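J.: Here is a sequence with its predicted model. Questions after.
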Amino acid sequence: MTQVLELTVPDELARRAETEAVRSSRSMQDVIVDWLRVGSDDLNDLSDSQLLMVCDGLMNSLDQQELSELLDQNREGLLDASGRAKLQSLMSSYQNGLARKARAWRMAVARGLRTSLD
């Protein structure tokens, strides 16, 4: 289920969303929805063991394999529009996973579960 919202954002945020949309060949709406998903991921509610699982998590092996294959095809200039869209989707998923992992690490360090990487 989805809900339509009208949202007023500062010009700078709109410019950043537009730049990311152009860079990633996605709509501004998709970019902003991704940002909201990442920002609404409340790691505070996770137990210590769940938080550590996020810290150590990896992209599933099927997605990793597909991402590698698409990156190889892209490097060789063999991707069609469908392949580029799938590559962008997997890259977005990968980047969101890395951002979530970084937030989990920061929280794990704050909880004393992990030592800082500094």
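T.: Sure thing, it's come through.

J.: Which SSE is immediately downstream of the lowest-mean-pLDDT helix or strand in the chain?
T.: Least confident helix or strand, the chain: helix 28-39 with a mean of 81, by mean pLDDT, DSSP states H and E. Read in the C-terminal direction, the helix or strand following helix 28-39 is helix 48-56, with elements assigned using DSSP states H and E.

J.: ok, which stretches of the protein are strands?
T.: Counting by DSSP state E, no segments of the chain form strands.

J.: how does it divide up, domain by domain?
T.: If the domains of the chain are taken from automatic domain parsing, they occupy 9-40, 43-118, with pieces of a single domain joined by a plus sign.

J.: one step back: list the contacts of the least confident helix or strand of the chain.
T.: Residues outside helix 28-39 that contact it (CB atoms under 8 Å, 6 or more residues apart in numbering) are Leu7, Ala14, Ala17, Glu18, Glu20, Ala21, Ser24, Ser92, Asn96, Ala99, Arg100. Every C-beta, even on glycine, is put in place using the N, C-alpha and C of the backbone.
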